[in-house]
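Participant: Fold the following for me, if possible:
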Amino acid sequence: MKDAVGRPETQGSLAGQPALLGALALALIISVGALWLITQQATATIAFVGGLLVLVAAAIAVSRIPAKAEESGFAAPDWSVTVAAIEQPGVAIAITDRANRLACANALYAEWFGAKYAPPSLPIERDGLEVLSIAAREAWRDGHGAVDRLVGSNGENIWRATAERAGRGDDYLVWRFELLRGEDVASSVAAWLTGSLGDMFSRAGIEAALVRPDGIIRCASQGFAERASGDSSATMAGQEYAAQLRIDDRDQIFFVRDTRRASPQTLIQVPLINPVEALKPNSGAANVLPKPVEDGPSLMLLIDGGVGLGGSWDGAGQAATPQLEALLGALPLGLAMTDLDGRFLFGNSAFLRAIDLEDAGLPQFPSDLVVREDKAALSDAVRRFGRGPGSNGDMAVRLASQPDEPVSLGLAGVRGLGEAAVLLSLADSTEETRLKRQIAQATKMQAVGQLAGGVAHDFNNVLTAIIGYCDLMLLRHTPGDSDYDDIQQIRANSNRAASLTRQLLAFSRQQTLRPEVLQVPDVVSEVSQLLKRLVGEKITFTIRHDRDLGPVRADPQQLEQVIVNLAVNARDAINANGDGTGKLTLSTRRVSASDVRKAGSDIIPVADYTVMVVQDSGGGIPPELLGKIFEPFFTTKEQGKGTGLGLSTVYGIVKQSGGFIFADNIKGLHGRADGARFTIYLPVYRGETLEIAKPVANEQASKWSGGGRLLLVEDEAMVRAVAERALTRAGYIVTTANDGEEGLAEIDKGGEFDLIVSDVVMPGMDGPAMVREIRKVKPALPVLFMSGYAEEQLRRDIDIDNMYFIPKPFSVQQIGDKVGNILGRQGD
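Facilitator: Numbers count the residues shown, from 1 in each chain. You can find the predicted model right below:
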């Protein structure tokens, strides 16, 4: 372990240096003698002596004036004392000044981050550096800052950090870092042993030590130190564990300092399983045999009155079992014991919690805990460890309650404890498993969203051609013609398909949003009458609003769609679950940043939120489907009664608005689900109120008399043909190009154009790259981009002046009006 870090102390004052004062006195005597010999005048000599005395007194007085750090009456800071005070087990502490320089730090900080790094500049991921800098600014401003999750540069270690302003002049920040994941449980056990738990062990006749894989003691209880060295305050860290014990000719274990009349010790080794590393499954998990633990520390327990290596148990050993049960029950590790036949004797609460049987209790055999494929391997392992020589190991198994998540089960053969023969240890990885599932679900949703967005973009090209040709055909047919109704039907179905692609884009967060600063109750009020008609009279619809709700920034039309989709889903669930009667509640409430911080969520950032909750009594969602309901095209409705895009659209709109959505079930009587609940968190908007952009009317287009030279660049032949015919019919001279290179070549030939109409994504040179090259020679030439992607996303990715946008699919009239609108503006 690295040494703690602290600044050096400064030198003392003049008054505290006797040698210097003596030198000054000797110089004074010599000066007076020389003056007397030269002048032989008593008056002058006395005056000279008086002046020197005044000067010396003034110098001493000045030297006694406190330094700047002591003006307040306090001594100058002694950083070595501070370093000693901040040594805390399991917590890395560092103190920095306003220049972000490291004043001092404890040993654990130096071990985790190194003495050359000072917060917030630590060797962690880039995102962590940003949030750590924000926490530092909050601490300097408000006195306290916190970061719930920091990921190390290796991607394994995860910390929680806090910063507090301190010092007489508030000139320092005190940083504290706690490890959430990455190191094994040894750090926690070390803190327990050196604290009250170690004292409890000693009072129960058990001496404990934490031993590294190489046999060196990492830490030990005070009772162990007293038995091994005779001094309870002795530091056992760094000493060899085996050197503290001896074995007699009957294989009985004693402390080296024990007399011949001392009782033998029963040695129990508890391997400490790291929840992070233990969950890595081996191939063929059902048939994996245990292997010795060679890469982790162990908790070594010595119990008075037992029998050592391979001896038979007696009355003392049998009496030790209840004592051991009381000990294991106090430990936070998941531990259980079985007899020689493999039957459970005991399991502590942590073990029951890890196997999801906290209420039901232990089954008869360990094999009852795992899936069918792992039963034989686990039964065989328990028998071998119970009847063979004392050894330990671990194996990967799949619990019946969690068949998709392999866990590591530790096994250790014990002797001299009566009926107890095998000690089982299981890490409680519930929280880690939950985080892994959330990360996997988020990754899957992101991948599906990217796929959906790409499909929608390509499908929009096809729909643009179909709708365009329908418009051109309708120009040649009048109502009453035999083909007119058929063409209208094709066009209507194409528009319906276009609405599906918009829902796909909403799910993939690529649709065009027009956000406004609004109050959620206002949006609810706008759709309340529609919702009452949608849910029907048999369903009791209730709306409740909290006070002092903060404003949010969202698209009101899209937020209305979110509310309607959730209400319709709730209505269908209620109708499918009974006679159509039920309750639907829509409520809003405010959640402050302190509430989020107290909740300790790993998903929602700490901030103020306006929350909307939609709750129904429709029987809830099956637990196995909760992770799939936001996927596109997933539906539980009958065929033909749902597209499977309702909840996926809700998910996309909420995420694109910067919010979060969660779904869960409400427990009713007998633990059954009474209904489903959807909770939406929208961040409170703290910026200035934005002016709402009004849609521009088509007056500019009507003023434009038509005509103009257009360069049309589109790689899809069907879209290019429709757009060319529509614009030519509107009176424009259109020059077409298949891709960006051809479009640039038309400009190089000296072509004069009033407007460029271009696709965005094309093979080779895309639309934005082509426009940037054209702007080098024609900087004022406007451009109209056609794309199936969202305008907001394109404007964020493409920084080009005088740029306009038309979404695909568009009709013949829409592209004509858009071009006329742009040229009309240029004319002004």
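Participant: Which strand or helix spans Val382?
Facilitator: helix 372-387 (DSSP states H and E).
Participant: Dump that helix to CSV, restricted to CA.
Facilitator: Output of helix 372-387 as CSV, limited to C-alpha atoms (Å, rounded to 0.1, in the frame of the first residue of the first chain):
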residue,chain,number,x,y,z
ARG,A,372,-32.3,-29.6,-13.5
GLU,A,373,-29.1,-29.6,-15.6
ASP,A,374,-27.0,-28.6,-12.6
LYS,A,375,-28.5,-30.8,-9.9
ALA,A,376,-26.2,-33.9,-10.4
ALA,A,377,-22.9,-31.8,-10.5
LEU,A,378,-23.8,-29.9,-7.3
SER,A,379,-24.9,-33.0,-5.4
ASP,A,380,-21.6,-34.8,-6.3
ALA,A,381,-19.5,-31.7,-5.3
VAL,A,382,-21.2,-31.4,-1.9
ARG,A,383,-20.6,-35.2,-1.2
ARG,A,384,-16.9,-35.0,-2.2
PHE,A,385,-16.2,-31.9,-0.1
GLY,A,386,-18.1,-33.4,2.9
ARG,A,387,-16.3,-36.8,2.9
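Participant: Downstream of that helix, the next helix or strand is which one?
Facilitator: strand 392-398.
Participant: What angle do helix 372-387 and that following strand make with each other?
Facilitator: 170 degrees (axes from the mean of the first three to the mean of the last three C-alpha atoms, to 10 degrees).
Participant: now Gly347, nearest residue through space, not along the chain?
Facilitator: Spatial nearest neighbour of Gly347, excluding adjacent residues (C-beta to C-beta, 6 or more residues apart in numbering): Ala336 at 3.7 Å. Where C-beta positions appear, they are placed from N, C-alpha and C, glycine not excepted.
Participant: Kindly report the same for Ile543.
Facilitator: Per C-beta to C-beta, 6+ apart, closest to Ile543 is Leu586, 5.1 Å.
Participant: Just say helix, strand or coil for the one you found.
Facilitator: Secondary structure state of Leu586, per DSSP: H, G, I helix; E, B strand; the rest coil, is strand.
Participant: I figured it was touching Val614, is that so?
Facilitator: Yes. Using C-beta atoms under 8 Å, Leu586 is in contact with Val614, at 5.5 Å.
Participant: overlap in contacts of these two?
Facilitator: Residues touching both Leu586 and Val614 (C-beta atoms under 8 Å, 6 or more residues apart in numbering): Ile563, Ala567.
Participant: sorry, back to before: can you pull the buried residues of the helix holding Val382?
Facilitator: In terms of neighbour count (16 or more other C-beta atoms under 10 Å), helix 372-387 has its buried residues at Asp374, Lys375, Ala377, Leu378, Ser379, Ala381, Val382, Arg383, Arg384, Phe385, Gly386.
Participant: again, but for stretch 482-489
Facilitator: Ile487.
Participant: Please compute how far it lies from its chain's middle.
Facilitator: In terms of C-alpha atoms, centre = their mean, to the nearest Å, the centre of stretch 482-489 is found 55 Å from the chain centre.
Participant: And the contacts of that stretch?
Facilitator: Cys470, Met473, Leu474, His477, Thr478.
Participant: Helix or strand for Met337, just tell me which one.
Facilitator: strand 334-338.
Participant: now that strand against helix 372-387, angle please.
Facilitator: Using the same axes, to 10 degrees: strand 334-338 against helix 372-387 is 70 degrees.
Participant: Could you list the alpha-carbon positions for strand 334-338 in PDB?
Facilitator: Taking Å, rounded to 0.1, in the frame of the first residue of the first chain, the C-alpha atoms of strand 334-338 are listed here in PDB:
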ATOM      1  CA  GLY A 334     -24.300 -15.600   2.100                       C
ATOM      2  CA  LEU A 335     -23.300 -18.700   4.100                       C
ATOM      3  CA  ALA A 336     -25.000 -22.100   4.700                       C
ATOM      4  CA  MET A 337     -23.900 -25.500   6.100                       C
ATOM      5  CA  THR A 338     -24.800 -29.100   5.200                       C
END
